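**Q** Please find the sequence and the predicted model below.
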There are 2 protein chains.
Amino acid sequence: MLKGHLDAIVLAALEAGPAHGYAIIETIKQRSAGTFDLPEGTVYPALHRLEQAGLLSSAWTTPPNGRRRRVYSLTKAGSAALGERRKAWSRFSQAVDTALEGGRA
Amino acid sequence: MLKGHLDAIVLAALEAGPAHGYAIIETIKQRSAGTFDLPEGTVYPALHRLEQAGLLSSAWTTPPNGRRRRVYSLTKAGSAALGERRKAWSRFSQAVDTALEGGRA
DNA sequence: TCTTATACCTAGTTACGCTAGGTATGGACG
DNA sequence: CGTCCATACCTAGCGTAACTAGGTATAAGA
């Protein structure tokens, strides 16, 4: 379970440039060294949620010799949200760190 | 939302010694500098879950001039679980870190 | 006396991540 | 040419964790 930080990870995967869902899954898998091998049933609904929220925009593309793809891009709101999510993650992870270590000071 | 890491935090709060629910909430609040101000409806069910799972044991106490308290202690399995949860957290947080920063290498 | 802090509990809501299915195309291999 | 795999998309429904929103009760302080 990614527990609420999935959105941030997906947004971060799109920071370098637009990508389609399947590629996003691969990117996340590689970046996390296999730790986050997300099922499609996790990522696609998340993309829809994020688009619904205005953080992503999407367009269908059909490369000359390829399959149809839905390519997602960060919107301005998405970039801003990513910044906030990063800060939230930072705060959260530090709080967990101290909470977990607090008993062994 | 604590997203699945609540158990680890609660176990860690009991590592220094037995405590009752209300005190656990206070401990967590202080350790996290207010970031985790957990409602009772979050913590009490978690304690029951953890006891059910054999990671905690509890006993009722009635101090001479105090109210009844249910005091929880880490079991052996609880200590072991805490160790695992710490490792899991470490892995998880590192993976998120790299996933969030990966786009800006 | 009345409020506040302490101290416990639980039924029900919500939302997120995941399971488990489905559709379809392109390329590799025999 | 047929079959299989990887690619590429989708969604209904499940499980469960965290939280909301209530309830009970005692001790201390104003």
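**A** Perfect, I can see it now.
**Q** Looks like residue A:47 contacts residue A:72 (just checking).
**A** Yes: applying CB atoms under 8 Å, one finds residue A:47 in contact with residue A:72, separated by 6.0 Å. Quick note: C-beta positions are derived from backbone N, CA and C, even for glycine.
**Q** hey, what's in contact with both of those two?
**A** The overlap between the contact sets of residue A:47 and residue A:72 (CB atoms under 8 Å, 6 or more residues apart in numbering or on different chains) consists of A:21, A:24, A:56, A:58.
**Q** Kindly state the pLDDT recorded for the closest residue to residue A:68 other than its chain neighbours?
**A** Excluding its sequence neighbours, the residue lying closest to residue A:68 (CB to CB, 6 or more residues apart in numbering or on different chains) is residue A:62, at 5.2 Å. Looking at residue A:62, its pLDDT reads 85.
**Q** So for residue A:47 and residue A:72, which sits in the more crowded spot?
**A** More crowded of residue A:47 and residue A:72, by other CB atoms under 10 Å in any protein chain shown: residue A:72, with 25 against 19.
**Q** For the helix or strand harbouring that one, what does the pLDDT average out to?
**A** Secondary structure from DSSP states H and E places residue A:72 in strand A:69-74. Strand A:69-74 shows a mean pLDDT of 96.
**Q** List the strands paired with that strand, with their directions.
**A** Applying DSSP bridges to the sheet, strand A:69-74 is found paired with strand A:19-20 (antiparallel), strand A:56-61 (antiparallel).
**Q** For the ones you listed, give me CSV that also has distance to DNA strand C.
**A** Output for the strands paired with strand A:69-74, formatted as CSV (distance: least, CB to the nearest atom of the strand, whole Å):
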stretch, distance to DNA strand C
strand A:19-20, 13
strand A:56-61, 13
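**Q** Can you add distance to residue B:51, neighbour count and pLDDT and give the shared contacts of residue A:47 and residue A:72 back as JSON lines?
**A** What follows is those, written out as JSON lines (distance: CB to CB, whole Å; neighbours: other CB atoms under 10 Å in any protein chain shown; pLDDT from 0 to 100):
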{"residue": "A:21", "distance to residue B:51": "42", "neighbour count": "19", "pLDDT": "95"}
{"residue": "A:24", "distance to residue B:51": "41", "neighbour count": "20", "pLDDT": "97"}
{"residue": "A:56", "distance to residue B:51": "43", "neighbour count": "23", "pLDDT": "96"}
{"residue": "A:58", "distance to residue B:51": "47", "neighbour count": "17", "pLDDT": "96"}
